[in-house]
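This is the structure alone, sequence omitted:
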Ligand SMILES: [Zn+2]
Ligand SMILES: [Zn+2]
């Protein structure tokens with residue numbers, strides 16, 4: 001049984017740096033402390049509009065975040081991170097490697113999944129897997145891949161999700177259980193998450209919990225994720241957020 005008090009971290013948080021989120025780093029740290037968390041990962045979206053100034057600012061902002069937060073000596077330790085998008089051209093990758101918590105996922109606003117097949121999207125993940133710590137919300141937008149509007153768990157969708165779970169295990173990439181997916185409850189998402197999570201349980205994968213908060217007061221809230229994890233009896237020792245040794249490892253302490 002996993003309880004709220006077992007969760008030491010929220011590993012998916014957006015600040016105003018994401019340009020469509022609403023809280024500052026300060027507000028996020030305060031809310032995380034109020035929620036009793038010891039660690040948060042700030043995972044603002046990585047954008048690249050191609051201008052030199054934007055590139056320099058973007059990379060430095062990601063890298064300095066963890067150092068600046070550490071200087072303030074809050075009780076909440078901040079992992080500097082970023083959320084990348086599948087198919088995205090990542091500039092200056094060598095520099096971005098310094099980030100503690102690198103996630104990648106499919107975002108409908110940054111990639112038109114209708115133009116790609118399941119194999120195409122899988123290959124995007126495969127290309128980036130060595131550079132990533134986490135695959136975020138792998139169940140999202142899946143029904144729209146290839147131009148469908150599929151809410152059922154078809155064989156194609158099962159195969160696609162299983163191949164991502166297998167890839168994550170092979171490459172030591174953590175899979176995310178995303179509270180915001182469960183809260184939004186788009187048709188088919190729960191069934192897809194339930195499916196891949198059961199497979200990840202038997203396959204020995206590590207998972208992480210992310211609120212995907214775009215506003216600070218939802219940081220650390222995992223009611224729906226906990227219901228699902230407890231319903232399938234997912235082992236607590238394979239949840240990064242509940243495991244101080246794994247959290248220390250990712251935060252380079
Ligand atoms: Zn966002
Ligand atoms: Zn996100």
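Arrived safely. Note that the coordinates shown come from a computational prediction; the quantities given were computed from them, not determined experimentally. Ligands and ions are numbered 1, 2, ... in the order given.

Can you name the residues that contact the closest residue to ligand 2 within the stretch 151-253 of the chain?
Residue of the stretch 151-253 of the chain nearest ligand 2, by C-beta to the ion: residue 212 (4.6 Å). Where you see a C-beta, it was placed from the backbone N, CA and C, and this is true even at glycine. When contacts are counted by C-beta atoms under 8 Å, 6 or more residues apart in numbering, residue 212 touches 12, 13, 14, 136, 137, 178, 179, 180, 181.

Need phi/psi at it.
Main-chain dihedrals, residue 212, degrees, to the nearest 10: phi 60, psi 40.

pLDDT at it, what is it?
At residue 212, the pLDDT value in this model is 98.

cool, the one 10 residues further on as well?
According to the predicted model, the pLDDT of residue 222 comes to 98.

What parts of the protein come near ligand 2?
Residues of the chain lying close to ligand 2 by C-beta under 5 Å from the ion are 83, 212.

Where is the longest strand in the chain?
In the chain, taking DSSP state E as the definition, the longest strand is strand 77-85.

Burial check on the nearest residue to residue 117 once chain neighbours are set aside, number of neighbours?
Spatial nearest neighbour of residue 117, chain neighbours left out: residue 146 (5.3 Å); criterion: C-beta to C-beta, 6 or more residues apart in numbering. Residue 146 has 16 neighbouring residues, counting by other C-beta atoms under 10 Å.

Residue 146 contacts residue 112, doesn't it?
No. With contact defined as C-beta atoms under 8 Å, residue 146 does not reach residue 112; the gap is 11.3 Å.

Overlap of the contact sets of the two?
With contacts taken as C-beta under 8 Å, 6+ apart, residue 146 and residue 112 have no neighbour in common.

By average pLDDT, which secondary structure element in the chain comes out worst?
Ranked by mean pLDDT, DSSP states H and E, the weakest helix or strand in the chain is helix 93-96, scoring a mean of 79.

helices or strands next to that helix in the packing?
The elements that helix 93-96 packs onto, with contact taken as 3 or more C-beta pairs under 8 Å, 6 or more residues apart in numbering; DSSP states H and E, are helix 52-71.

Would you mark the buried spots in the helix it packs on?
By 16 or more other C-beta atoms under 10 Å, the buried positions in helix 52-71 come out as 58, 59, 62, 63, 65, 66, 69.
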